[in-house]
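Undergrad: predicted model and sequence below, questions to follow.
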Amino acid sequence: MIRKKVIAGNWKMNKTATDGVTLAKDIAAEIGRETGVDVVLCPPFTALASVAHALEGQSIKLGAQNMHPEKNGAFTGEVSAEMLRTLYVTHVILGHSERRTYFAETDAFINKKVLSALANQLKPILCVGETLAEREAGATLAVVQRHVEGGLAGVTKEQITTVIIAYEPVWAIGTGKVATTEQAQEVHAYIRDLLTKLYGAALAQKVRILYGGSMKPANAPELLAQKDIDGGLIGGASLEARSFIELVKAADAAK
Ligand code: PGA
């Protein structure tokens, strides 16, 4: 398989710095030197520095959950790519559906963040996906196309393989309702087709496309066995070391 699998834990607004260090250390104790899978932990901003320290010397990578596209300035409450870089952050989740829904983030704004992340050597994890109403209206692929093309506008051929895309059907996030493997694979294959049109087949084959939405040890092996599913963006099951480690092992076994 030409694409290394990725398991990224999206802690959302959970874990103090102290609790985050405990979780990161528990995970690192078992898979800290894991080389078969790219493992990324995405704590809240307030835990980044302590978790970075806890992960020193380990192969586990650190991700943020959001950032602002500008370099600095009067943006109260925001954090820039450069600020994240100085905390040893290598990845950043952008365009998560919770940001789109609760903070009214648009594709145009998310695109600015993607370009800014790339310009600052951060790897974006660009989230895309439809709501239940959109799926029921038969608009899934159109929504995903808008999110992918909107989010990637201006991303060059040189940059595209450092972008990770996460397909997260909104109706499956935190609901326990996982997409069927067929539903997920269909959209993943569609995203790869879009990438092929935009960047050519050779580059499209190198981009990792993760599934997110109630992924757990019980359903992960089947999802991860799909041709175009290259890993997972994990919410709930990333908050506990045992389930997260099992997901990393499932990805390792599926490669
Ligand atoms: P979940 O969240 O695994 O709890 O469904 C996934 C996500 O929102 O990234």
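TA: Cool, got the structure. Numbers count the residues shown, from 1 in each chain.
Undergrad: what strand or helix carries residue 202?
TA: helix 201-204 (DSSP states H and E).
Undergrad: and the contacts of that helix?
TA: Contact partners of helix 201-204, identified using Cβ atoms under 8 Å, 6 or more residues apart in numbering, comprise 157, 160, 161, 192, 193, 195, 196, 198. C-beta: built from backbone N, CA, C; applies to glycine.
Undergrad: next, work out how far apart residue 137 and residue 104 are.
TA: When distance is defined by Cβ to Cβ, to the nearest Å, residue 137 is 21 Å away from residue 104.
Undergrad: and those two? Which one has more around it.
TA: residue 137 (12 against 8; other Cβ atoms under 10 Å).
Undergrad: can you read off the pLDDT for the more buried one?
TA: Looking at residue 137, its pLDDT reads 96.
Undergrad: which residues does residue 94 contact?
TA: Residues near residue 94 by Cβ under 8 Å, 6+ apart: 66, 67, 110, 113, 114, 117, 124, 125, 126, 127, 151.
Undergrad: next, count neighbours for the residue of the stretch 101-250 of the chain found nearest the ligand.
TA: Here the residue of the stretch 101-250 of the chain nearest the ligand is residue 235; by Cβ to the nearest ligand atom that distance is 2.3 Å. Around residue 235 there are 22 other residues, counting by other Cβ under 10 Å.
Undergrad: ok, now how distant is the residue nearest to it when sequence neighbours are not counted from residue 137?
TA: Among residues not flanking residue 235 along the chain, residue 10 sits closest, at 5.1 Å (Cβ to Cβ, 6 or more residues apart in numbering). Per Cβ to Cβ, residue 10 is found 27 Å from residue 137.
Undergrad: residue 206 too?
TA: Residue 206 is 33 Å from residue 137, by Cβ to Cβ.
Undergrad: what of residue 173?
TA: 19 Å.
Undergrad: got any ranges where this structure has weak pLDDT?
TA: Residue ranges of the chain with pLDDT under 70: 1, 34.
Undergrad: recalculate using a threshold of 50.
TA: Scanning the chain for pLDDT under 50 picks out nothing.
Undergrad: in it, which residue is closest to the centre?
TA: Nearest to the mean C-alpha position of the chain, counting by Cα atoms, centre = their mean, stands residue 125 at 4.1 Å.
Undergrad: quick check: residues of the stretch 1-150 of the chain near the ligand?
TA: Residues of the stretch 1-150 of the chain found near the ligand (Cβ under 6 Å from any ligand atom) are residue 10.
Undergrad: which residues in the stretch 1-150 of the chain form helices?
TA: 17-31, 45-54, 81-85, 97-102, 107-119, 132-136, 140-152 (DSSP state H, counting those that start in this stretch).
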